[in-house]
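A.B. asks: I would like the atomic coordinates for the input below:
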Amino acid sequence: MASLSQMLVQRSNRTVLDTAIQVLVCSVVLTIGPLIPNCAAQGPPTIEAELSRYGIPLTESGLRAALRDPRPQVRSLAAGELSERKDVQSLVAIEQALKAEKQLLVRFNMASALVTLKSDLGKNTLLQICEDSSVPEGLRLQAASRLLDVDDDRCVPQVAAMLRTTRDPSSKASALLALSRAGTLPESQIGSIHPELVSNLRDPNPAIRQYAGECIAAIDDQAAAPELKTAIAIESDPTTKDRMENSLKALECKRE
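C.D. replies: Numbering: from 1, shown residues only. Okay, here's the model as predicted:
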């Protein structure tokens, strides 16, 4: 099985289709029941294929009706397929379904679909999920990431808080990656994040150390430059050391 470092280092900006398929199919599998027994091994199926497997007509009316299906997987997938089709005529139907929905993960999936259709309700629902400390960290961070996909940084303070408190390596990595995408932050916010970034330069996991360096450069935390130089000097992993050196160069370019 691949290590966290191997899994996390191979990342890229997802397209809307990649996001929809991964979140609405594989992520749902892990939380509300198996849609595909070996999803991770075979790669995610298409949303259309899954809906067909559940006997859902792939027509506009069939998908809208599926938003009220008793099976939570189907409700999530139907919202995702309408979103993937950019079916703005179905926006109201998805919003109504979201307002009536009780299951947390389905709410997340419907809100994510609505964000693609430029719905304020979708964005505000994701913000609520991100701000709710009773929600699992992983889902809160997914909500923050989805908001950042549309340049909405309202959840950045919550992401910073999770980075400060989490002990889970995957959550740390997700938080650092999200913060790296947040763009320009106020000086006060950079200052509040600084201790966590410096601390994570010394994390036992090389991927976390790498992402901490990248985040320092991305948010232009100039005060962290000395610690980043020290981290580079003692780094034992060649790939991480190379990435840290690139981050330091980027940070120094911003200073100039």
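A.B. asks: chain center to the lengthiest helix in the chain: distance?
C.D. replies: Scanning the chain for the longest helix, with DSSP state H as the assignment, gives helix 238-255. For helix 238-255, the distance from its own C-alpha centre to the chain's C-alpha centre is 24 Å (C-alpha atoms, centre = their mean, to the nearest Å).
A.B. asks: before we move on, what about stretch 125-141?
C.D. replies: Here stretch 125-141 shows a centroid-to-chain-centroid distance of 11 Å under the convention C-alpha atoms, centre = their mean.
A.B. asks: same thing with stretch 201-208?
C.D. replies: 20 Å.
A.B. asks: for that stretch, C-alpha coordinates in CSV please.
C.D. replies: Once side chains and other backbone atoms are set aside, the C-alpha atoms of stretch 201-208 remain, and they are given as CSV (Å, rounded to 0.1, in the frame of the first residue of the first chain):
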residue,chain,number,x,y,z
LEU,A,201,8.4,21.8,9.1
ARG,A,202,9.5,19.4,11.8
ASP,A,203,6.7,16.8,11.3
PRO,A,204,7.8,13.2,11.2
ASN,A,205,6.1,12.7,7.8
PRO,A,206,8.1,14.1,4.9
ALA,A,207,4.9,15.0,2.9
ILE,A,208,3.7,17.2,5.8
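A.B. asks: give the rounded mean pLDDT of it.
C.D. replies: Rounded to a whole number, the mean pLDDT of stretch 201-208 is 97.
A.B. asks: need the contact partners of that stretch.
C.D. replies: 4-5, 8-9, 169, 172-173, 176, 200, 209, 212-213, 216, 224, 227-228, 231, 237, 239-240 (C-beta atoms under 8 Å, 6 or more residues apart in numbering). The way it works is simple: take the backbone N, C-alpha and C, and place the C-beta from them, glycine included.
A.B. asks: quick revisit: for the longest helix of the chain, C-alpha coordinates in CSV please.
C.D. replies: Extracted in CSV, the C-alpha atoms of helix 238-255 (Å, rounded to 0.1, in the frame of the first residue of the first chain):
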residue,chain,number,x,y,z
PRO,A,238,15.9,14.1,-1.0
THR,A,239,12.5,14.8,-2.6
THR,A,240,11.3,16.8,0.4
LYS,A,241,14.6,18.7,0.5
ASP,A,242,14.3,19.6,-3.2
ARG,A,243,10.7,20.8,-2.8
MET,A,244,11.6,22.9,0.3
GLU,A,245,14.4,24.5,-1.6
ASN,A,246,11.9,25.4,-4.4
SER,A,247,9.6,26.9,-1.7
LEU,A,248,12.4,29.0,-0.3
LYS,A,249,13.3,30.3,-3.7
ALA,A,250,9.6,31.2,-4.3
LEU,A,251,9.5,33.0,-0.9
GLU,A,252,12.6,34.9,-1.6
CYS,A,253,11.3,36.0,-5.0
LYS,A,254,8.2,37.4,-3.4
ARG,A,255,10.3,39.4,-1.0
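A.B. asks: packing partners for that helix?
C.D. replies: Helices and strands touching helix 238-255, as assessed by 3 or more C-beta pairs under 8 Å, 6 or more residues apart in numbering; DSSP states H and E, comprise helix 206-218, helix 225-234.
A.B. asks: where does Asp152 land in three-state SS?
C.D. replies: State at Asp152, reduced to three classes by DSSP: H, G, I helix; E, B strand; the rest coil: coil.
A.B. asks: and for it, the neighbour number?
C.D. replies: Each residue near Asp152 was counted by other C-beta atoms under 10 Å, and the total is 16.
A.B. asks: quick one: least confident helix or strand in the chain?
C.D. replies: helix 28-32 (a mean of 35; mean pLDDT, DSSP states H and E).
A.B. asks: one step back: of the helices and strands packed on helix 238-255, which stretch is the most buried?
C.D. replies: With neighbours defined as mean count of other C-beta atoms under 10 Å, the helices and strands packed on helix 238-255 peak in mean count at helix 206-218, which reaches a mean of 26.
A.B. asks: compute the inter-axis angle for that one and helix 225-234.
C.D. replies: 150 degrees (axes from the mean of the first three to the mean of the last three C-alpha atoms, to 10 degrees).
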